[in-house]
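Trainee: Just the structure for this:
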Amino acid sequence: MPLVELMSQIQVLPKIDKLRLMQFLATELVKEENANFFVANQEYPVWSPHNCSEAANVLMNLLATKQQEKNG
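Mentor: Numbers count the residues shown, from 1 in each chain. I've put the predicted structure just below:
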């Protein structure tokens, strides 16, 4: 199937199917790059802003500054 035809079929898919397609393609690309990149049933650390009060303070200050600029 030509890519142009495939793309036109993708455009009419519902949003959830497009997201599933993206996930599928990303997984396929990872498999092609490195078969051991993600290992099934293994935990991977993910950074979280939980308990990062300094980051929250920076964000609050930025929002306050933007609000003051908006109000003039």
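
Trainee: list the contacts for residue 61?
Mentor: Residues near residue 61 by Cβ atoms under 8 Å, 6 or more residues apart in numbering: none. The way it works is simple: take the backbone N, C-alpha and C, and place the C-beta from them, glycine included.

Trainee: where in this protein is pLDDT low?
Mentor: 34-37 (pLDDT under 70).

Trainee: Strands along that one, start to end?
Mentor: Taking DSSP state E, the chain contains no strands at all.

Trainee: ok, which stretches of it are helices?
Mentor: Using DSSP state H, the helices assigned to the chain run over residues 3-11, 15-33, 53-71.

Trainee: Save the ones you listed as CSV, and put in distance to residue 43 too.
Mentor: Shown next, in CSV, are the helices of the chain (distance: least, Cβ to Cβ, whole Å):
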stretch, distance to residue 43
helix 3-11, 33
helix 15-33, 17
helix 53-71, 24
